[in-house]
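*Asks:* what's the 3D shape of this:
(chains A and B)
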Amino acid sequence: MSDGATLWVAILVTAAGCYGLKLLGLLAPARLLEHPLAARVSALLPVSLLAALAAVQTFATGTELVVDARVAGVGAAVVAIVLRAPFLVVVGVAALTAALVRLVAG
Amino acid sequence: MSTEPTEPTEPTEPTEPTEPTEASWRTVRASVVRTGLGVGVASGAYALSIGALGVAAGLSIVQTCALSVLVFTGGSQFAFVGVVAGGGSPMSGAASAVLLGARNGLYGVRLVPLLRVSGGRRLVAAQLTIDESTAVALANEDRGRRAGQLGFWVTGLAIFLLWNLGTLVGAVVGSAVGDPRDYGLDAAAPAAFLALLAPRLRGPTEWTAAVLAAAVALVAVPLVPAGLPVLVAAGVPVVMVLRHREQPYVDASERDHHGAPEGSEAPEGHRPAEEGGR
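*Replies:* Numbering: from 1, shown residues only, chains lettered A, B, ... in the order given. As a prediction, this is how the structure comes out:
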C-alpha cells in the first residue's frame, strides 16, 4: 500500500505521459500520411484496429485467453449483424445473450 | 450533443458522390450519433469497475476519479491500478500505463487529416483520442468528413461524461453495484466494434487485414502487457502493404462491392488512399 503523496505523483506522471502521447499524435503533419505507402497503410488501419479490438475484448482477460459468456454474446451479435440489425440492437443482443448465459451457467 | 428524434430506419441507399443533401445528412447524423452514444454507454459501464478497483487498490475516491479525468484511457488506468493493487510501486504502474498510452499517439497521427483541429480544439481532441472515439470516427469517415468528425466528438464526449460518472459511482459504492459482467456489458463493447467493422469488409484485402489483425492480437495477448496487443496488430496493414508494394493498389471504393450495409459509402471525398495513392 502506498501513501497518498506518492500515489498523487504517480497519477500526475501517468496523466502527463498519456496526454503528451495523445497530443504528439495530433501534432503530426497531415502530409505524413500522404506518402503512397503510408496512405495505403492508413486505409487498412481501421479494419485492423476494429478487428483486433473486437477479438481482444471477446477473448482476453488481462493477459489470458479465455472462452466465456462473452463468446456467446459476440456470436449472437454476429447473427444480428448478418441479419442487418441496427447498431444498438446488435449491442443489446450481445449484452443480453452474455447475461443470460451467465445467469443459466451460474 | 444532438438529441433530436431519430429516423427509425438506417439509410439503405448509397448517397450520391457529391455533397450530401440536407435530408441525407440528417439521416447520417442521426445514425452516427446513435453509434457514438451506444459505444459510449457500452464502454462507460466499464468505468464502474475501474472506480471500484481503484478504491480497492488503496487509492482515495478523489485519486480514483482524478485518474479517470486526467488519464482517460481505459487500458492505462487498468494497468496503473493493477500494478498498485499487486503491491508494485506506483511509479512502475505509471511506466506501464504510459507505455500502453502510446497507441493513442498512433491514433492521433491517423486522425490529423480527418479532424483538422488546431489551438484549443486540438488540446481537447487530444484528451478524447482513445480506442473508441478513433474507431467510430474511422468507421464513419467514408460517409463524409463531417460524419467522421461527428463520430469522434460524440463518442469522445459521451465516453468522457459516462466514464467519469461511472468511476465516481464505482468508487463510492464499490462492489455494491455488482459486477458489470452480470449484465453482459463486457460483451457489448466487442459487439459494437464488430458492428462497426462489418460494413467495411468490402473485399479480400479488407477481410485479410481484419482476420490477420484479430489473429495477431490474440497471439499477442499472453505475450505482452494488456493493451499492447492492439498496437501489435496495427503492424498487420504495414506488413501487408510492404509485401505488396510493387502491385498497384485498388482501393475498396473503386471496386464493385456487394451489399455494404447502412449506406456506408457516401464519398464526400477525402479518402487518404485516393489523394495520396497512385
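
*Asks:* Could you use CA atoms for every contact and neighbour count after this?
*Replies:* OK.

*Asks:* how about low-confidence regions in chain A?
*Replies:* Low-confidence segments of chain A (pLDDT under 70): A:1-2.

*Asks:* Show me where it has its helices.
*Replies:* A:4-26, A:36-59, A:69-82, A:87-105 (DSSP state H).

*Asks:* Could you export the third one as PDB, CA atoms only?
*Replies:* This file holds the C-alpha atoms of helix A:69-82, laid out as PDB (Å, rounded to 0.1, in the frame of the first residue of the first chain):
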ATOM      1  CA  ALA A  69     -20.100 -16.000 -21.900                       C
ATOM      2  CA  ARG A  70     -18.700 -13.100 -24.000                       C
ATOM      3  CA  VAL A  71     -18.200 -15.500 -26.900                       C
ATOM      4  CA  ALA A  72     -21.900 -16.400 -26.900                       C
ATOM      5  CA  GLY A  73     -22.800 -12.700 -26.700                       C
ATOM      6  CA  VAL A  74     -20.500 -11.800 -29.600                       C
ATOM      7  CA  GLY A  75     -21.700 -14.800 -31.600                       C
ATOM      8  CA  ALA A  76     -25.300 -13.600 -31.200                       C
ATOM      9  CA  ALA A  77     -24.100 -10.200 -32.300                       C
ATOM     10  CA  VAL A  78     -22.600 -11.700 -35.500                       C
ATOM     11  CA  VAL A  79     -26.000 -13.200 -36.300                       C
ATOM     12  CA  ALA A  80     -27.700  -9.900 -35.700                       C
ATOM     13  CA  ILE A  81     -25.100  -8.200 -38.000                       C
ATOM     14  CA  VAL A  82     -25.700 -10.700 -40.700                       C
END
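
*Asks:* So what does residue A:66 have for phi and psi?
*Replies:* For residue A:66, the backbone dihedrals (degrees, to the nearest 10) come out as phi -130, psi 150.

*Asks:* List the buried residues for stretch B:73-92?
*Replies:* Buried residues in stretch B:73-92, counted by 16 or more other C-alpha atoms under 10 Å in any protein chain shown: B:73-85, B:89-91.

*Asks:* before we move on, what about stretch B:101-117?
*Replies:* Quick answer for stretch B:101-117 (16+ other C-alpha under 10 Å): B:101-115, B:117.

*Asks:* again with stretch A:23-38
*Replies:* Neighbour counts over stretch A:23-38 (16+ other C-alpha under 10 Å) mark A:23, A:24, A:25, A:26, A:27, A:28, A:33, A:34, A:35, A:36, A:37, A:38 as buried.

*Asks:* contacts with chain A among the buried residues of stretch B:101-117, please.
*Replies:* With C-alpha under 8 Å from any C-alpha of the partner chain as the criterion, the subset of the buried residues of stretch B:101-117 in contact with chain A comprises B:101, B:102, B:104, B:105, B:106, B:107, B:108, B:109, B:110, B:111, B:112, B:113.

*Asks:* May I see the buried residues of stretch A:23-38 organised as a markdown table, with distance to residue B:147 added?
*Replies:* Shown next, in a markdown table, are the buried residues of stretch A:23-38 (distance: C-alpha to C-alpha, whole Å):
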| residue | distance to residue B:147 |
| --- | --- |
| A:23 | 22 |
| A:24 | 24 |
| A:25 | 21 |
| A:26 | 19 |
| A:27 | 22 |
| A:28 | 22 |
| A:33 | 20 |
| A:34 | 21 |
| A:35 | 25 |
| A:36 | 25 |
| A:37 | 25 |
| A:38 | 23 |
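
*Asks:* okay, those residues in JSON lines with distance to chain B next?
*Replies:* Converted to JSON lines, the buried residues of stretch A:23-38 look like this (distance: C-alpha to the nearest C-alpha, whole Å):
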{"residue": "A:23", "distance to chain B": "5"}
{"residue": "A:24", "distance to chain B": "6"}
{"residue": "A:25", "distance to chain B": "4"}
{"residue": "A:26", "distance to chain B": "5"}
{"residue": "A:27", "distance to chain B": "8"}
{"residue": "A:28", "distance to chain B": "6"}
{"residue": "A:33", "distance to chain B": "7"}
{"residue": "A:34", "distance to chain B": "5"}
{"residue": "A:35", "distance to chain B": "6"}
{"residue": "A:36", "distance to chain B": "5"}
{"residue": "A:37", "distance to chain B": "7"}
{"residue": "A:38", "distance to chain B": "8"}
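
*Asks:* And residue B:58, its phi and psi?
*Replies:* Per-residue torsions, residue B:58: phi 110, psi 0 (degrees, to the nearest 10).

*Asks:* tell me which element the residue most central in space within chain B falls in.
*Replies:* Chain B has residue B:132 as the residue nearest its centroid, 1.9 Å off, counting by C-alpha atoms, centre = their mean. Residue B:132 is part of helix B:131-140, with elements assigned from DSSP states H and E.

*Asks:* Next up, the contacts around the residue nearest to the centre of chain B.
*Replies:* Shown in contact with residue B:132 (C-alpha atoms under 8 Å, 6 or more residues apart in numbering or on different chains): B:39, B:155, B:156.

*Asks:* and if you look at residue B:35?
*Replies:* A:87, A:88, B:136, B:151, B:155.

*Asks:* can you tell me which helix or strand it belongs to?
*Replies:* helix B:22-44.

*Asks:* quick one: buried residues of that helix?
*Replies:* B:24-25, B:27-44.

*Asks:* sorry, back to before: comparing the helices of chain A, which comes out most buried?
*Replies:* Of all the helices of chain A, helix A:36-59 carries the top mean neighbour count, a mean of 26, counting by mean count of other C-alpha atoms under 10 Å in any protein chain shown.

*Asks:* how about the contacts of residue B:35 in JSON lines, adding distance to residue A:10?
*Replies:* JSON lines is the format used below for these (distance: C-alpha to C-alpha, whole Å):
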{"residue": "A:87", "distance to residue A:10": "39"}
{"residue": "A:88", "distance to residue A:10": "38"}
{"residue": "B:136", "distance to residue A:10": "31"}
{"residue": "B:151", "distance to residue A:10": "32"}
{"residue": "B:155", "distance to residue A:10": "28"}
